[in-house]
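Engineer: Just need the structure, nothing else, for what follows:
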Amino acid sequence: MKFILSVVFFCSLPFLISGQNHAQFADSIRVSNAIPELSYAVISGDKILEIKALGLHSVDLKDVADLNDRFHIGSNTKAMTAFIIAKYVEKGKLKWNTKFFDLFPELKNTSKAEYYEITLEKLVSHQAGIQPFQGENDPAVPDFKGTPKEKRDQFGKFVLTLDPVEINSEHKYVYSNAGYTLASMMVEKVTGKTWEQLVDIVFNKDLKLNVKLSWPENQITKDTWGHSFENNKLTPVPSNTDYRLDYTEPAGDINIKLTDYIRFIQLNIQGLQGHDNYLKATTYNFIHKGSEGDSLGWFNSYENNQDFSTHSGTAGTYYTIAAIDRKKGIGYIIFTNSFNEATVNGVRLIMRKLKKDYGS
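Structural biologist: Numbers count the residues shown, from 1 in each chain. Below you'll find the model as predicted:
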């Protein structure tokens, strides 16, 4: 089944006035926090209530931001990988309680016994005790060879030889990028497709979203440059930089336009409101609420008696955040092309303002 979500642009006078004020506020925060480019949107399940692109592609360029710009979304990729997996669970290819070693019995002899009972759900919800691999204090990783899938398979085998992180009543969740590599190995095994192919099938072919992998292209075309923070200054990062995510691409290596990401979030909002679309409403409910803390690609946040699905993402050069007010059915998205403390603080201020003004 193919489902194409049409986005309806909506703007009544009160929202127009509020949108103008928010754009001015967001741009002032962007400038004061030295964020080169910032785009944001407030949406419902079928409407865009507010959207704006602000700033420049790079601190060294005069290319003005627009809504066709692409952003690397880092760990917000996890929700999209979980979405793919959920589709194939619905198709009956595997179950959330499928054990990893039921699909990979050949890896059992070289793996730690503590992992023998891990399931697909535990991997995607960070409850399998897999080492985090978040870029700091990671175990040394061998230089695996082969295709991206072959290298991920070797990495997955390696990860299972490492001591697990303890899961207990006080620490139920251990946020793990490597866990998403193992989960992706499972869906790759039952579909006969690579994660890259599944991204293309689900998001590009079925949903008609323009999803791409790795950094946005900025050497051939004019697009965003991510910025790292070095020597107390932002440094533009070209898209041809030799950078790898240590074989955890399914956890954080997608780039997308804000307008297309909106359509993905709207699918989730619709599903949380009880409407079937590309996935069943019951599946969305499980994705977002199946686990108490870290759910499947989302984090459950309860703010001032509110009920949110939220997640942020960065691979060190972009910073993005998405939040869904599950009671009101409103989504908030902010994309930036830099990452440092000032960027995070600026995004928090803008998110707080938008939530307050829209009643979240």
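Engineer: need the helices for this structure, in chain order.
Structural biologist: Residue ranges of the helices in the chain, as given by DSSP state H, are 13-32, 77-90, 100-103, 120-124, 148-159, 177-191, 195-199, 249-252, 258-272, 281-289, 341-357.
Engineer: Quick one: mean pLDDT for the first one?
Structural biologist: What that stands for is helix 13-32. In this model, helix 13-32 has an average pLDDT of 80.
Engineer: any idea how far Asn177 is from the closest residue to Ser214 other than its chain neighbours?
Structural biologist: Nearest residue to Ser214 in three dimensions, chain neighbours excluded: Asp253, at 5.7 Å (CB to CB, 6 or more residues apart in numbering). The way it works is simple: take the backbone N, C-alpha and C, and place the C-beta from them, glycine included. Distance, Asp253 to Asn177, by CB to CB, to the nearest Å: 10 Å.
Engineer: Which neighbours do the two have in common?
Structural biologist: Leu245 (CB atoms under 8 Å, 6 or more residues apart in numbering).
Engineer: Phi first, then psi, for the residue nearest to Ser214.
Structural biologist: Here is the backbone geometry of Asp253 (degrees, to the nearest 10): phi -140, psi 50.
Engineer: how much space between the most centrally placed residue in the chain and Leu182?
Structural biologist: The geometric centre of the chain, computed from its C-alpha atoms, lies nearest to Asn76 (CA atoms, centre = their mean), at 1.0 Å. Here the criterion is CB to CB. By it, Asn76 lies 19 Å from Leu182.
Engineer: With Leu123 instead?
Structural biologist: As judged by CB to CB, Leu123 and Leu182 stand 5 Å apart.
Engineer: Next: Tyr332.
Structural biologist: For Tyr332 relative to Leu182 (CB to CB), the value is 31 Å.
Engineer: so where's the stretch 1-150 of the chain uncertain?
Structural biologist: For the stretch 1-150 of the chain, the stretches with pLDDT under 70 are 1-19.
Engineer: is it true that Gln131 touches Ala178?
Structural biologist: Yes: if you go by CB atoms under 8 Å, Gln131 and Ala178 touch, sitting 5.8 Å apart.
Engineer: residues near the nearest residue to Asp223 once chain neighbours are set aside, how many?
Structural biologist: Leaving aside its sequence neighbours, Asp223 sits nearest to Pro216 (CB to CB, 6+ apart; 4.7 Å). Using other CB atoms under 10 Å, Pro216 is surrounded by 21 other residues.
Engineer: who touches Pro216 in this structure?
Structural biologist: 69-72, 223-224, 226, 239, 255.
Engineer: Walk me through which strands the lengthiest strand in the chain pairs with, and which way each runs.
Structural biologist: Looking across the chain with DSSP state E, the single longest strand is strand 47-55. Pairing partners of strand 47-55, with direction, according to DSSP bridges: strand 8-9 (parallel), strand 37-43 (antiparallel).
Engineer: and it, how far from the chain's centre?
Structural biologist: Centroid displacement of strand 47-55 relative to its chain, using CA atoms, centre = their mean, to the nearest Å, is 19 Å.
Engineer: so what's the residue nearest to Ser214 scoring on pLDDT?
Structural biologist: 96.
Engineer: any idea how far Ser111 is from it?
Structural biologist: Taking CB to CB, one finds Asp253 at 25 Å from Ser111.
Engineer: Who has more neighbours out of those two?
Structural biologist: Regarding Asp253 and Ser111, a neighbour count based on other CB under 10 Å identifies Asp253 as having more, with 25 against 19.
Engineer: Neighbours of the residue lying closest to Asp325 once chain neighbours are set aside, how many?
Structural biologist: Leaving out its chain neighbours, the residue that sits closest to Asp325 by CB to CB, 6+ apart is Ser360, at 4.3 Å. Neighbours of Ser360 under the rule other CB under 10 Å: 22.
Engineer: ok now do Ser360, which residues does it touch?
Structural biologist: So Ser360 contacts 306, 308, 325, 328, 330, 332, 354 (CB under 8 Å, 6+ apart).
Engineer: again, 10 Å this time
Structural biologist: 42, 303-304, 306-308, 323-325, 327-328, 330-332, 351-352, 354 (CB atoms under 10 Å, 6 or more residues apart in numbering).
Engineer: Leu160 now?
Structural biologist: Applying CB under 10 Å, 6+ apart, the residues near Leu160 are 100-101, 104, 107-108, 110-112, 114-116, 118, 130-131, 178, 182.
Engineer: How about Gly329?
Structural biologist: 43-46, 266, 269-270, 272-273.
Engineer: Likewise for Trp96?
Structural biologist: 85-86, 89, 119-122, 124-125, 283, 286, 290, 296.
Engineer: Quick check, pLDDT for the residue nearest to His275 when sequence neighbours are not counted.
Structural biologist: Computed as CB to CB, 6+ apart, the closest residue to His275 that is not its neighbour in sequence is Ala281, at 5.9 Å. Looking at Ala281, its pLDDT reads 98.
Engineer: And for Ala281, the neighbour number?
Structural biologist: So Ala281, with other CB under 10 Å, has 15 neighbours.
Engineer: go on, Met80?
Structural biologist: Met80 - counted by other CB under 10 Å - has 21 other residues nearby.
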